[in-house]
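Asker: heads up, no residue letters with this:
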């Protein structure tokens, strides 16, 4: 059975043209799927829909099933039991995704405490430092006691990844996790994502506008344009023989720019 | 310029607070003692700012009057903030019908000026410091609710709220740990401005005889007493008027100064 199943998903905001017209795909346990498309193609909206994080006025049609459970129509309280535990999301902008008023360690611990019971709570601090170390942060103790503004962009993105994986969820959605980072840090974070996924065996939905970046993490890719899937397949196949003109343009861009298209 | 505003604000409010504190340990004369021989004494010695129509020392009354100005300010602003801020956060966080309900209730309360509420309360319970504080406090609730709601709406759109929600945080925990710390600065600014409004309202109520009753000197009551001598001895009205102006100006400048220092958007715009 698929871990994540999206069937004929359509998303509209008020009376405007739909942000997502029709998207269907499935993701097995442990599988990594890349979603690629330009800004406004509906990839981030799709991700937020899976997390149940779209604003109330968004109209959703179709079906999203995580672990066999229908997501559309669940209340925020029910969704919050799944978020962080079964599925989680790492956002694009590490500079703004950490609360500026809160120490990093406490933010990571918050994600942990939410889904653990009494007995494990006193060990939260140890667990947080442990995970911060595992995502490659040097001096995890010091990072835990830092405020976000005291850390670099790369360090923050690592902390956010720690926050996402601390409960070892089955599904992690990465929404352009390296776009805001400079190229050397980008490579390190991609390596980390690869290592974390290999270690936890979590499934991953990796969203990007850059085919070269997606190719480093995912094996299978979905190409989104104007809220519809225009092409899907193995990364290698897509790179060597893109069928849709839009995919061809993307491949050409990836060949030309390599890094930061 | 922005530092100047803040510093002048801090300076003036410190003067008012110091007056109130000083009045607990020392006043030149008993602020209630009537000395007929000193009636309308000119500023000089021993009455530094003169004496009023009853022969009571004006400086002593001014010092003691600062107490009730500050007391009313603190209690009414605290009341307004304790009720208004949680309502504003709830409205901004949840949206929908709850937001609509809270916002419309705030509009309704906002339609009643503090003065009208005070007259209502004074008519029912008799004018006292408490009715003044409650009336001013209740009338200020919408200001706090609206400020907190607007700030919450902005914070709710921030990435860190989305990231916290993506980890399962919601409801009261989200409000206390992520929303409140990020809107607290704005609430403090609102409190400072609200304080100035409260002092002004308190003086107005005392002037009308709807607030603190006779027996406790207040700036508003001093103004009322001075009114009869406005053409013969205008200095009588000058002193309490000056005290009110200093307090109101001080807290307003403090609020504006804080806003300029704390609000990053304004900081970048300069």
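Answerer: Nice, thanks for sending it over. None of these values were measured; they are calculated from a predicted model.

Asker: Any figure for the gap between residue A:189 and chain B?
Answerer: Here residue A:189 is placed at a distance of 16 Å from chain B (Cβ to the nearest Cβ, to the nearest Å). Where you see a C-beta, it was placed from the backbone N, CA and C, and this is true even at glycine.

Asker: After the helix or strand containing that residue, which helix or strand is next?
Answerer: Assigned by DSSP states H and E, residue A:189 belongs to helix A:183-200. Using DSSP H and E, the helix or strand that directly follows helix A:183-200 along the chain is strand A:203-208.

Asker: Paired strands for that next one, with orientation please.
Answerer: strand A:32-36 (parallel), strand A:171-175 (parallel) (DSSP bridges).

Asker: so which of those strands comes closest to residue A:239?
Answerer: Minimum separation from residue A:239 across these (Cβ to Cβ) falls at strand A:32-36, 11.5 Å.

Asker: could you give the angle of that closest one to helix A:183-200?
Answerer: 140 degrees (axes from the mean of the first three to the mean of the last three Cα atoms, to 10 degrees).

Asker: what about the helices in chain A?
Answerer: With helices called from DSSP state H, chain A shows them at A:43-51, A:76-82, A:104-114, A:124-134, A:140-144, A:153-165, A:183-200, A:211-217, A:235-240, A:245-257.

Asker: Please convert the strands paired with strand A:203-208 to a markdown table, extending it with distance to residue B:24, mean neighbour count and mean pLDDT.
Answerer: Output for the strands paired with strand A:203-208, formatted as a markdown table (distance: least, Cβ to Cβ, whole Å; neighbours: other Cβ atoms under 10 Å in any protein chain shown; pLDDT from 0 to 100):
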| stretch | distance to residue B:24 | mean neighbour count | mean pLDDT |
| --- | --- | --- | --- |
| strand A:32-36 | 69 | 26 | 93 |
| strand A:171-175 | 60 | 25 | 94 |
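
Asker: ranges for the strands of the stretch 1-150 of chain B?
Answerer: Counting by DSSP state E, counting those that start in this stretch, the stretch 1-150 of chain B has no strands at all.

Asker: In the helix holding residue A:189, which residues are buried?
Answerer: A:185, A:186, A:189, A:190, A:192, A:193, A:196, A:197 (16 or more other Cβ atoms under 10 Å in any protein chain shown).

Asker: Now do the same contact list for the spatially most central residue of chain B.
Answerer: Nearest to the geometric centre of chain B sits residue B:195, at 2.0 Å (Cα atoms, centre = their mean). Listed by Cβ atoms under 8 Å, 6 or more residues apart in numbering or on different chains, the contact partners of residue B:195 are B:73, B:74, B:77, B:251, B:255.

Asker: 10 Å - rerun?
Answerer: For residue B:195, the contact set (Cβ atoms under 10 Å, 6 or more residues apart in numbering or on different chains) comprises B:13, B:69-70, B:72-74, B:76-77, B:140, B:247-248, B:250-252, B:254-255.

Asker: What's the separation between residue B:223 and residue A:96?
Answerer: 51 Å (Cβ to Cβ, to the nearest Å).

Asker: okay, the two: which has more neighbours?
Answerer: More crowded of residue B:223 and residue A:96, by other Cβ atoms under 10 Å in any protein chain shown: residue B:223, with 22 against 17.

Asker: And the lowest mean pLDDT element among the helices and strands of chain B?
Answerer: helix B:264-269 (a mean of 52; mean pLDDT, DSSP states H and E).

Asker: Show me which helix runs longest in chain B.
Answerer: helix B:58-94.

Asker: tell me what it is packed against?
Answerer: helix B:2-25, helix B:96-110, helix B:129-156, helix B:171-174, helix B:180-208, helix B:219-226, helix B:235-262 (3 or more Cβ pairs under 10 Å, 6 or more residues apart in numbering or on different chains; DSSP states H and E).

Asker: again, only using 7 Å
Answerer: Using 3 or more Cβ pairs under 7 Å, 6 or more residues apart in numbering or on different chains; DSSP states H and E, the elements in contact with helix B:58-94 are helix B:2-25, helix B:96-110, helix B:129-156, helix B:180-208, helix B:219-226, helix B:235-262.

Asker: Dump these into CSV; add mean pLDDT as well.
Answerer: As requested, those are exported to CSV (pLDDT from 0 to 100):
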stretch, mean pLDDT
helix B:2-25, 93
helix B:96-110, 94
helix B:129-156, 95
helix B:180-208, 93
helix B:219-226, 92
helix B:235-262, 92
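
Asker: For residue A:117, find the nearest of these.
Answerer: helix B:180-208 (26.1 Å).

Asker: tilt between that closest one and helix B:2-25?
Answerer: Orientation check (the same axes, to 10 degrees): helix B:180-208 against helix B:2-25 gives 60 degrees.

Asker: Now do the buried residues in helix B:180-208.
Answerer: B:180, B:182-183, B:185-208.

Asker: pLDDT below threshold where in chain A?
Answerer: Along chain A, the parts satisfying pLDDT under 70 run over A:118-121, A:257-261.

Asker: Show me which residues of it sit near chain B.
Answerer: Within chain A, the positions adjacent to chain B are A:51, A:53, A:56, A:76-77, A:80-81, A:83-85, A:88-89, A:91, A:93, A:96-99, A:101-102, A:110-111, A:114-115, A:160, A:163 by Cβ under 7 Å from any Cβ of the partner chain.

Asker: Now list the buried members of the residues you listed.
Answerer: A:51, A:53, A:80, A:83-85, A:88-89, A:91, A:93, A:96-99, A:102, A:110-111, A:114-115, A:160, A:163.

Asker: Around the closest residue to residue A:194 other than its chain neighbours, how many other residues sit close by?
Answerer: Spatially, and ignoring its direct neighbours in sequence, residue A:194 is nearest to residue A:217 (6.0 Å; Cβ to Cβ, 6 or more residues apart in numbering or on different chains). Counted by other Cβ under 10 Å, the residues lying close to residue A:217 total 21.
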